[in-house]
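> Let me see the structure of the following:
(chains A, B, C and D)
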Protein chains: 4
Amino acid sequence: MAAGRPLRVTVWNENVHERRDPSVKRIYPDGMHAPIVEGLRRELGGGVSARVATLEQPEHGLSEEALAETDVLTWWGHAAHDQVDDEVVQRVHARVLDGMGIVVLHSGHYSKIFKRLMGTTCALRWRSDPGGEREVIWTVNPAHPIAAGIPQPIVVPHQEMYGEFFDIPPPGELIFISSYEGGEVFRSGCCYQRGAGRMFYFGSGDQEFPVYHQTDIQRVIANAVAWCGWTAKVNDLPSARQGKSQRNWYM
Amino acid sequence: MAAGRPLRVTVWNENVHERRDPSVKRIYPDGMHAPIVEGLRRELGGGVSARVATLEQPEHGLSEEALAETDVLTWWGHAAHDQVDDEVVQRVHARVLDGMGIVVLHSGHYSKIFKRLMGTTCALRWRSDPGGEREVIWTVNPAHPIAAGIPQPIVVPHQEMYGEFFDIPPPGELIFISSYEGGEVFRSGCCYQRGAGRMFYFGSGDQEFPVYHQTDIQRVIANAVAWCGWTAKVNDLPSARQGKSQRNWYM
Amino acid sequence: MAAGRPLRVTVWNENVHERRDPSVKRIYPDGMHAPIVEGLRRELGGGVSARVATLEQPEHGLSEEALAETDVLTWWGHAAHDQVDDEVVQRVHARVLDGMGIVVLHSGHYSKIFKRLMGTTCALRWRSDPGGEREVIWTVNPAHPIAAGIPQPIVVPHQEMYGEFFDIPPPGELIFISSYEGGEVFRSGCCYQRGAGRMFYFGSGDQEFPVYHQTDIQRVIANAVAWCGWTAKVNDLPSARQGKSQRNWYM
Amino acid sequence: MAAGRPLRVTVWNENVHERRDPSVKRIYPDGMHAPIVEGLRRELGGGVSARVATLEQPEHGLSEEALAETDVLTWWGHAAHDQVDDEVVQRVHARVLDGMGIVVLHSGHYSKIFKRLMGTTCALRWRSDPGGEREVIWTVNPAHPIAAGIPQPIVVPHQEMYGEFFDIPPPGELIFISSYEGGEVFRSGCCYQRGAGRMFYFGSGDQEFPVYHQTDIQRVIANAVAWCGWTAKVNDLPSARQGKSQRNWYM
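Now for the predicted structure:
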């Protein structure tokens, strides 16, 4: 089954903080997308073909053609959610329902595409003290491919706090729950099915801390990409067809 | 807990077919909302206070004030989904996330508010032969309040066929599954939590057949209204608050 | 709907620690069941009729007759899980599937009845340092009746740590997640439907700390009892019937 | 990840009807396990290594050693559920929670292992008229690997009727719903996570009809085996560990 070609991943990054804020540039001199791509290549090897797309590109690098050749899209945005074109959002949305996987990262919880797919405010509790605070990420579903090879727990030494109540639909499968030094908790690894597509939200990853350089975090993202991409690669999805039907469809 | 006041329900009806199509006018001379309201009153008695709102009213009868005094909204629409004002949709959406219940009926699956809350296309397979066909509605969760007092199964003699794949997020709780004479199946009773609100989709109820005059169907709707309204009545929802948080929130 | 009679609750307590261990006797001189019953009466008033049953009684106070007149059973056990008679467990199990609600508390996660209903090991991570540690209980589903009137968060100053991975089936609805001073998290409020019955597991409540004297904790238990008992009170459950069926069942 | 070795599958068959009943022997001269194994080999090719185990073998062919080398177990039983040794059931149960996948077929709904994993009665509505009746299997989750390459719908011309209410825990993911000529519906494709293991129940497959010779049905089983086996193959499951924990686990 579809053993053949590699999974085609588009790593989308707003790429604003990295060029504007010295503190972020220091951590991610080549953009946050760089260690994400690096992690995908290390974990998935020849099984993945990754490209980068950013906000400043024409159509944000997400033209019809680009999306048609994308099995999984990863999304990081924060400072410029409003600058993402509504038509591109509509296009990504349709493509997800049509079978493309999507992995939304950290502050992407407030992106247009995430809010549209979720149907809720996607608001949460947060706190960003200088220096951040320790996040501890616990697996609550060890049978899930996204948890494969992930230590129990992952410790992120410095992180912005994201806490409950996180206004999302209850996830189809809950994989990770995080705690923070302040005592908060957060559903930080959430799987969804939407139409013929699969979606994963992962909470960790503030721009002020080197989270995406952490091997375990890279592995979570790679696992999520592989999980979300399964459908896009192998399924011609006759089962997703709808519309007017004859009485004797089965003859 | 909130035993005091009755549940305030707004029964919203597009009210287009009933005034335009003789075949529908014959079945629902006072509008489809009439038997729905009647059923609520019979099943919930003094526990409910119901009002009607329709498309042709100013703001479709769904002003800020009207919604603020609504615990549960029921929604039937079909011919005029596009005529529903986007601002009103936005208002209803926000109110649901804030705790108002919503019960979406039949062709309301293609309404703006349903698609917005679901985040999917909400497309389905369908067939409307003259005379319709038998729908059989089976309870798959007998522990749920919406199934209380409902026969196993409900038989609707004449109905439009709605079938899978129905492009909705997998329901939080699945209560009913229908079969049709043609052999199709449909997830026809689906519960969701969105924000602080509860939502129920119920598939039965085409305008060409007297489905809403059927006692069992009225009971399903009354049960759904009671279930969705629970939160709106009793919960001041401190747990739903979000935003910036101090480290020592708990002191 | 069943407004009439009060909800009949049996508060079951192993009642071993309270009579054997001075440290526990000091906190719960009348048994842990006493503040639980007190909380039910304060929160549910005339809506509840509560009785106590304990391990040392004949049939553990859970005869056929007693269960037939119980709408919801609450369960606390720890030191003597093995002394609970298998026949009584079988009886409780059948009664739950038949519509009785059950609320399992804290160390009840290792009781025979909980393991039987869950089908898993129900093992968890734990730590009981002298003096315990702070537990913080967060609501992740503010639309749920069990969260009604519950502060965000509840703080339990001293508690035994229960952490993930907690080997339970993914809950039908997840209501609470706790964090502990050590950084662990725990799915501490879990709803299930089993057969025609409803079930809630609540993690808080070690015998060495006065957790059940805490008003907020009592309210959670009262809310859970009300939620689990709904079905037992109102549903005659024709929809739960099974067995051999005729082709023309619907005529 | 674990691309290396093939998935090790044990196809378990009660193998009673095939040797006792001429009508069954005619359809399955080499046992029902034969076409199941054949389908696995055709669909998964070199990715699978399948062996057969049956009731009459010592320890039913499910010794500690055999299970230790099994990634996924498929289970068909009907006439002799009671003859399955409790110790073997206990062993299979522990192995599933430890990460082995299990696919339970048709009348296996009443097997000891299924009831133990589910925690419910697993009763259902049924009818077995001579000649059976048409079953139509609809996909309700086209994003799921188990639905890959499956036509919408699958038609099984002759089948025993299995209908709701089916007393199982609500599935983690619902993949297929069937309808029958009599108008009944059945949740016929159900995914579960239990402990570190994955489980799939598939309703189709009575011994009196050549269901397991049908290519589409074989593909469903192969897809299910691949889905359930994922975890067993790749996950060393550090995240599933439990027990007493130190305060500074993370140092």
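> make it CA atoms for all contacts and neighbour counts henceforth
Noted.
> Tell me where the stretch 101-250 of chain A has strands.
A:101-105, A:125-127, A:133-139, A:154-159, A:161-163, A:173-180, A:185-194, A:197-202, A:243-244 (DSSP state E, counting those that start in this stretch).
> Any chance of the ones you listed in a markdown table with mean pLDDT, mean neighbour count and distance to A:Thr74 as columns?
Formatted as a markdown table, the strands of the stretch 101-250 of chain A follow (pLDDT from 0 to 100; neighbours: other C-alpha atoms under 10 Å in any protein chain shown; distance: least, C-alpha to C-alpha, whole Å):
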| stretch | mean pLDDT | mean neighbour count | distance to A:Thr74 |
| --- | --- | --- | --- |
| strand A:101-105 | 98 | 28 | 5 |
| strand A:125-127 | 91 | 19 | 22 |
| strand A:133-139 | 96 | 25 | 20 |
| strand A:154-159 | 96 | 20 | 20 |
| strand A:161-163 | 95 | 29 | 20 |
| strand A:173-180 | 98 | 25 | 18 |
| strand A:185-194 | 97 | 25 | 14 |
| strand A:197-202 | 97 | 26 | 9 |
| strand A:243-244 | 67 | 13 | 31 |
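> Make CSV from those and add distance to C:Arg198 to it.
Listed next are these as CSV, based on distance: least, C-alpha to C-alpha, whole Å:
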stretch, distance to C:Arg198
strand A:101-105, 34
strand A:125-127, 31
strand A:133-139, 26
strand A:154-159, 34
strand A:161-163, 29
strand A:173-180, 21
strand A:185-194, 24
strand A:197-202, 30
strand A:243-244, 38
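> Distance to chain C added to the ones you listed, as TSV?
Converted to TSV, the strands of the stretch 101-250 of chain A look like this (distance: least, C-alpha to the nearest C-alpha, whole Å):
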stretch	distance to chain C
strand A:101-105	20
strand A:125-127	11
strand A:133-139	7
strand A:154-159	10
strand A:161-163	9
strand A:173-180	6
strand A:185-194	6
strand A:197-202	16
strand A:243-244	28
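> Check the offset of the helix or strand A:Glu65 falls within from the chain's centre.
Under the criterion of DSSP states H and E, A:Glu65 resides in helix A:64-68. Centre-to-centre, helix A:64-68 and its host chain are 18 Å apart (C-alpha atoms, centre = their mean, to the nearest Å).
> what's it packed up against?
helix A:86-97 (3 or more C-alpha pairs under 8 Å, 6 or more residues apart in numbering or on different chains; DSSP states H and E).
> Establish whether the helix it packs on and chain B are in contact.
Yes: Helix A:86-97 is in contact with chain B by C-alpha under 8 Å from any C-alpha of the partner chain, via A:Leu97.
> Equivalent analysis for stretch A:159-178, please.
Yes: judged by C-alpha under 8 Å from any C-alpha, stretch A:159-178 comes into contact with chain B at A:164-170, A:172.
> Check which element follows the helix holding A:Glu65 along the chain.
Helices and strands here follow DSSP H and E; after helix A:64-68, the next one along the chain is strand A:72-76.
> Now that following strand: average pLDDT?
In this model, strand A:72-76 carries a mean pLDDT of 98.
> between that strand and strand A:101-105, how big is the angle?
Orientation of strand A:72-76 against strand A:101-105 (axes from the mean of the first three to the mean of the last three C-alpha atoms, to 10 degrees) gives an angle of 20 degrees.
> Partner strands of strand A:72-76, with direction?
With DSSP bridges as the test, strand A:72-76 is paired with strand A:7-13 (parallel), strand A:101-105 (parallel).
> Perfect, that will be all.
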